[in-house]
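> Take a look and give me a structure for this.
(2 chains)
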Amino acid sequence: MSKSKILASFAALGLLALPATTHAVAETHLTVAVKADRYSVKPDKFTFTTRRPAAQIAETAVKPDANFNPSPLLFKSWDYNDGTYTVTLQDGVTFSDGTPFNADSAIASLKLYDQNKSDFLQLDQNSFKKLDDYLISFRSEVESALVIENMTHRGASLFLPTDAMAEYPVGTGPYILESYEPKKQITVTRNLNYWGEAPKIDKITYLFIGDDNARLLALQNGEVDVIGEVTPQMMLSMPQDGSVVLNESRPIRYAALMFNMLGKAPFDITTDISVRQALAMAIDRETIAQVLYGGRGQAAKTILPGWMFDLGDDHANGFTYDPSKAGKMLDEAGWVVGDDGVREKDGRKLKLRMVAAYPNVSTVKPMPEMLEQMFAAIGVDTEIVEVADSGVYNDTYFGPGQADMYLEFASNNNTDPTYLLYNVFTTMSPWGYAVTSPGGNVDELATASRVAPSRKEAIELVRQAYKSIVDEHTSSIPILLVPNFTLSRPGVSVPMSEYADWIGYGNVSFNH
Amino acid sequence: MLRFLLTRLAVTVPTLLGMSFVAFAIVALAPGDPVQMELRAMGIVPKPEDIAAIKAAYGLDKPFFIRYAHWLARALQFDFGTSVATGRSVIAEIGHHMPATLMLSLVSLVGAVGISLALGTLAVMADRFTANCVRALSIVLVSVPPFWLALLFIHVFVLNLGWSRLVGDGSAIDLILPALTLSIGAGAAMGRFVYERVRAEACEDYVRLAIAKGVSPFGILLGHIGPRIIGSMTTVWANTLGWLLGGAVIVESIFSWPGLGQLILQAISQRDFPIIQGYLVLMGLVFFVTSFLADIVLVLADPQLRRGLADE
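Down below sits the predicted model:
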């Protein structure tokens, strides 16, 4: 046999050894690619395990409605009076192992959330009372009127306490755990005894694919049906031939520039409100909106979208693009344009450090560079520090106040209207946001909203606080409001939610 | 020989200790609080006493050197603690992902050795033009970043030709593209070494003698030069295996290969410091073991070294 024939034989064998393509996916088996495996078997951090994959196994007490108000799920109705919550439980519900969901099992499940270090619901553990088989009462340990709102967070899903709950979690949800391989995949199958409306999909597999490009390529190759955690770069490189379908929610996430309000030299320039307001007017939000996220973002006037909690689109005035007015404001503040085009005052250049971004710069690229150019147009020299890691962001720049401006990309991720306000925009912030908070009346409004006697009053206080943050203090500049996105292959319809944790993967439709 | 081995091992002890300190210090002194990051990422609003309790649970409230001493005492018993993110033991996590990485690295090494021998010997034995082309090709292949090669292979073999899949289940067939990606760069780099070593040996008297005796070029290569360079080649293979084990992270991530790469990338992003420390120590140990074995092979393969050690 000649050499060429031998080579050809080996080549043919090699081709035969390669696997067939994997386009054929059963219609009732959905494969979802997510970035990271957040599953945990650690009992004392069990609430952390209830994110997207496990959320199909367990359910929360209440769910968010279209306007992010809590609506019934495992809690049928509730009442808050004199600091006591009285709850009627949904009847006819069982956990997937057959245990009935009643006052006893509900209290046991709720008590799980104080047995770890994330006392998220802040329930008074000694206050639980069984009033009837399906009627319970409890109190908040901080007299909060917003406990029910916080129960819409997927982290507050109700699991049945069992010895093996870390390895085999049992909930009341539409799916049960089939298999789990760390850092690789988790598969859930339909709970045949589910008490609610049966989902359309029989089986869901979540593949953990850390690389953004790999997730997109896997979708293009038909190996997954849906991918989440879509970055601006993924949308820029998304093929435009219809092989990938973009699904989007209403705008929910905000990109905002937050100022160092406690800055010490050399990071003290933005403590002058004239500079902050001038910068706010130098931003061409419409242009940024066209570039980022494939033009699907919205120029933002406020931190939260108007539809959320019925805040209204005009609950703050915000800033329009007006570079000439911005220049005049800086002139009046004593910052005059120097020979090199950079403004200066008393021999000091108007040079600002901008750190981009929380949680990482890939979520907002190329916004930092666009802002740098817009600020340069009014004579502001911007030093961009791009950070790909939230740990470095917090410990090196944010916590110590080593910058003038911080670009952040976040959202109010539960139905508690005070959640974001209190934790990110007040000096009481447990996450260290005192550095960018205006304090004063905003702190007072946020504090009052937390103990407001009714949700309506709480929302009004929140509305006033955000207006004050943007219009009065300009401690933060809203730039963009961005929807939540998923990408799917053609023929796959994803019922979107503004909340990534509430996307109904069980009710995805396959259309042919 | 025994003395050589014992001396070699004795020298290794301070090296490993220093390495363990660096591994611990890098992680311990890096910015980013794993507790706060995890709580914030999950939207959990902690109370100061909760944060303090979690830090105490992980020993983060103690001074650096005391933490290191405690960690080292446990590490000597192969107890690297528990993953902050998952709650599983570090050894269990590494043990779960290690086989996939080991398989990928070994297959890549075999591929790289094959490529290196082919390129190296071809460059030596071919005519000048072909040899120059082979050397130029080697330089190009060494220069291509593995992640770029990985994306190229995906576009060609997965998306266009449909010969392979991107998201495998860890089976042998899914190994082909990531192994090929790693083999090419490593093989080209080693090919240049093979070329240099063969060229150097070809000038030796024993080769001239073999030529004078009428031994064929392949006979000289396999029967005379091969045994002489096998020791030094083993050292290169050992170092390459270490590089492949540690350097497969990005390639594993792109091909979603369920190895240590996935584990360490997520551990870094979550500041899962017990995993990172365990991984760094493990990689150090792997380098130590592979180079130790290579040294033994080097001694066994070289009669002069063997005699020298016997005389000591």
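> only C-alpha atoms for contact and neighbour calcs from this point on.
Noted.
> Now do the contacts for residue 158.
Picked chain A for this. By C-alpha atoms under 8 Å, 6 or more residues apart in numbering or on different chains, residue A:158 lies in contact with A:58-61, A:106, A:109-110, A:171-172.
> The chain in question should be chain B.
Contact partners of residue B:158, counting by C-alpha under 8 Å, 6+ apart, are A:221, B:164-166.
> Would you list the buried entries among the contacts of residue A:158?
Listed as buried from the contacts of residue A:158 are A:58-61, A:106, A:109-110, A:171-172; burial here means 16 or more other C-alpha atoms under 10 Å in any protein chain shown.
> hang on, the earlier thing: show me the contacts of residue B:158 that map onto helices.
Assignment to helices by DSSP state H places none of the contacts of residue B:158 there.
> Of the residues you listed - the most surrounded one?
Of all these, the highest neighbour tally under other C-alpha atoms under 10 Å in any protein chain shown goes to residue B:166, namely 27 neighbours.
> surely residue A:253 meets residue A:481?
Yes - Residue A:253 lies in contact with residue A:481 (C-alpha atoms under 8 Å); the separation is 5.5 Å.
> Compare neighbour counts for those two and give me the winner.
residue A:481 (27 against 22).
> Up against chain A, what does the stretch 201-312 of chain B have?
Applying C-alpha under 8 Å from any C-alpha of the partner chain, we find that the stretch 201-312 of chain B lies next to chain A at B:253-256, B:258, B:262-263, B:266, B:269, B:271.
> Mind jotting down where the helices sit in the stretch 51-200 of chain A?
Per DSSP state H, counting those that start in this stretch, the stretch 51-200 of chain A carries helices over the ranges A:52-55, A:103-111, A:147-150.
> picking up where we left off before, I'd like the contacts of residue A:158 as CSV, with pLDDT appended.
Compiled in CSV, the contacts of residue A:158 are given as follows (pLDDT from 0 to 100):
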residue, pLDDT
A:58, 90
A:59, 92
A:60, 91
A:61, 94
A:106, 96
A:109, 90
A:110, 90
A:171, 92
A:172, 95
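> ok, and which of these reach chain B?
Counting by C-alpha under 8 Å from any C-alpha, no member of the contacts of residue A:158 reaches chain B.
> Could you work out the most separated pair of the residues you listed?
Farthest-apart pair in those is A:110 and A:172; separation 13.6 Å (C-alpha to C-alpha).
> any idea which of the contacts of residue B:158 is the one closest to residue B:303?
Closest to residue B:303, out of all of the contacts of residue B:158 and judged by C-alpha to C-alpha, is residue B:164, at 47.2 Å.
> wouldn't the closest one be in contact with residue B:175 here?
No - if you go by C-alpha under 8 Å, residue B:164 and residue B:175 don't touch, sitting 10.0 Å apart.
> Tell me how many other residues crowd residue A:207.
Residue A:207 has 25 neighbours, counted by other C-alpha under 10 Å.
> secondary structure class for residue A:304?
coil (DSSP: H, G, I helix; E, B strand; the rest coil).
> I meant residue B:120, not that one.
Using three-state DSSP, the secondary structure recorded for residue B:120 is helix.
> and it, what is it in contact with?
Shown in contact with residue B:120 (C-alpha under 8 Å, 6+ apart): B:191-195.
> per-residue confidence for it?
Turning to residue B:120, the model gives it a pLDDT of 87.
> try residue A:208
For residue A:208, the predicted pLDDT is 88.
> swap in residue A:2?
You'll see residue A:2 listed with a pLDDT of 48.
> now do the one 3 residues further on
Here the pLDDT value assigned to residue A:5 is 49.
> now swap in residue B:207 and tell me
86.
> Check residue A:231 too.
81.
> Look up how far residue A:263 lies from residue A:94.
55 Å (C-alpha to C-alpha, to the nearest Å).
> same question but for residue A:80, I mixed them up
42 Å.
> cool, and residue A:63?
Relative to residue A:263, residue A:63 is positioned 41 Å away (C-alpha to C-alpha).
> So which of the two has more stuff around it?
residue A:63 (25 against 19).
> Pull the contacting residues for the more buried one.
Neighbours of residue A:63 in contact, by C-alpha under 8 Å, 6+ apart: A:70-73, A:151-152.
> So residue A:466 belongs to a helix, correct?
Yes - counting by three-state DSSP, residue A:466 falls inside a helix.
> quick one: it and residue A:473, what's the gap?
From residue A:466 to residue A:473 the distance is 10 Å (C-alpha to C-alpha).
> Report how many residues lie close to the nearest residue to residue A:210 once chain neighbours are set aside.
Spatial nearest neighbour of residue A:210, excluding adjacent residues (C-alpha to C-alpha, 6 or more residues apart in numbering or on different chains): residue A:35 at 4.5 Å. By other C-alpha under 10 Å, 19 other residues sit near residue A:35.
> Next, the contact list for residue A:35, please.
For residue A:35, the contacting residues are A:208-212, A:228-229, by C-alpha under 8 Å, 6+ apart.
> do residue A:458 as well
Residue A:458 touches A:417-418, A:448-452, counting by C-alpha under 8 Å, 6+ apart.
> What separation do you get for it and residue A:464?
Taking C-alpha to C-alpha, one finds residue A:458 at 10 Å from residue A:464.
> What of residue B:172?
61 Å.
> where does the chain have low pLDDT?
With no chain named, the answer covers chain A. Low-confidence segments of chain A (pLDDT under 70): A:1-27, A:40-54, A:114-120, A:512.
> ah, I was thinking of chain B
Scanning chain B for pLDDT under 70 picks out B:32, B:34-35, B:37-46, B:50, B:309-312.
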